[in-house]
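Colleague: got a predicted model here, sequence first, then my questions.
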Number of protein chains: 2
Amino acid sequence: MTERFGPDLLRGSLDLLVLSLLSSSPGYGYDLQQRLREASGELVQIQAGTLYPLLHRMEADGFVRCRWEQSTGRRRKWYELTAAGKRRLVSQTREWDRYVACIRAVLDPVRTALEG
Amino acid sequence: MTERFGPDLLRGSLDLLVLSLLSSSPGYGYDLQQRLREASGELVQIQAGTLYPLLHRMEADGFVRCRWEQSTGRRRKWYELTAAGKRRLVSQTREWDRYVACIRAVLDPVRTALEG
DNA sequence: CCCCCATATGTTGCCATGCGATATATCGGA
DNA sequence: TCCGATATATCGCATGGCAACATATGGGGG
């Protein structure tokens, strides 16, 4: 099994990943944790101590809205994207793409020197 | 002019970028700052308060070696990659590629839903 | 029936690091 | 002479991922 990615890498896109998961369908913390783990091929395992504060921040920023679900067995806090959250997802995705392209532009000359 | 990238994004690849620049040719702090600015199309402007500690860290880790150059006018501290630094560059590049591919894998389903 | 594990959410303190501000010094040109 | 670019360095702040810990409950096996 390949190693997990370090905090410094994750820092750049954890918000975006969660936004993206919520865009597929609403979810609660523990659920998002599993979905991310699965979707990333076990490579991104967001910790509880990271995820819950992150969700709280997003709620404070108005990107998600949440509601408690008590009826069906377990007590769960369901999150869904707001309109602002959807806009955020789009802009964050663009930003990420721009960033990746930019890094590639810096690395590529060296890369060809190394491999070519 | 497009906006600069935030600290959280930079965190994932600043080391790699500097390693990459030094792999092309040795350089001193201020020089690397300019080279990175240029190579990134003005998008990555590493601050002095970021760059110098970063270089010191890399030296402590044995990835670069440095020597003062006083003779030609200005006092400059030239850095070059060590063998460990070159190995580091290769492994960090691979790690970055793996990461980008992983994020893409998570984002792509949503992306097609948004745009397609 | 009880115990343990998975589920579920939360907080606390630690640590790494990018950044703005500040300090210091020198060179060259207006 | 003075100012801006060059050049290196450090300090304190804010951010956020993480391990550890706290708490609670549901369900299955012994």
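Modeller: Here it is on my side, so go on. In this text the structure is predicted, and so the values were computed from the model without any measurement.
Colleague: can you pull the residues of chain A lying near DNA strand D?
Modeller: A:4, A:6-7, A:10-11, A:14-15, A:46-50, A:53-54, A:57, A:73-75 (C-beta under 7 Å from any atom of the strand). For every residue, glycine as well, the C-beta is placed using N, CA and C.
Colleague: just the buried members of these?
Modeller: Among the residues of chain A next to DNA strand D, those classed as buried by 16 or more other C-beta atoms under 10 Å in any protein chain shown are A:Leu10, A:Arg11, A:Leu14, A:Asp15, A:Ile46, A:Leu54.
Colleague: the longest helix along chain A: how far from the chain's middle?
Modeller: As assigned by DSSP state H, the longest helix anywhere in chain A is helix A:83-115. Taking C-alpha atoms, centre = their mean, to the nearest Å, one finds helix A:83-115 lying 15 Å from the centre of the chain it belongs to.
Colleague: next: stretch A:108-116.
Modeller: Mean-position distance between stretch A:108-116 and its chain equals 31 Å (C-alpha atoms, centre = their mean).
Colleague: same check, this time on stretch A:58-65
Modeller: Distance of stretch A:58-65 from the chain centroid (C-alpha atoms, centre = their mean) equals 14 Å.
Colleague: can I take it that A:Val18 is in a helix?
Modeller: Yes - looking at A:Val18 with DSSP: H, G, I helix; E, B strand; the rest coil, it is inside a helix.
Colleague: any regions of chain A where pLDDT drops low?
Modeller: Flagging of chain A using pLDDT under 70 yields the residue ranges A:1, A:71, A:116.
Colleague: what does it put close to DNA strand C?
Modeller: Within chain A, the residues that sit near DNA strand C (C-beta under 7 Å from any atom of the strand) are A:8, A:28-31, A:48-49, A:52-53, A:55-56, A:74-78.
Colleague: looking at the residues you listed, which one is closest to chain B?
Modeller: Nearest to chain B among the residues of chain A next to DNA strand C is A:Asp8, at 4.7 Å by C-beta to the nearest C-beta.
Colleague: quick check: the closest one vs B:Trp96, distance?
Modeller: 11 Å (C-beta to C-beta, to the nearest Å).
Colleague: grab the nearest non-local neighbour of A:Val106.
Modeller: Leaving aside its chain neighbours, A:Val106 sits nearest to B:Ala39 (4.7 Å; criterion: C-beta to C-beta, 6 or more residues apart in numbering or on different chains).
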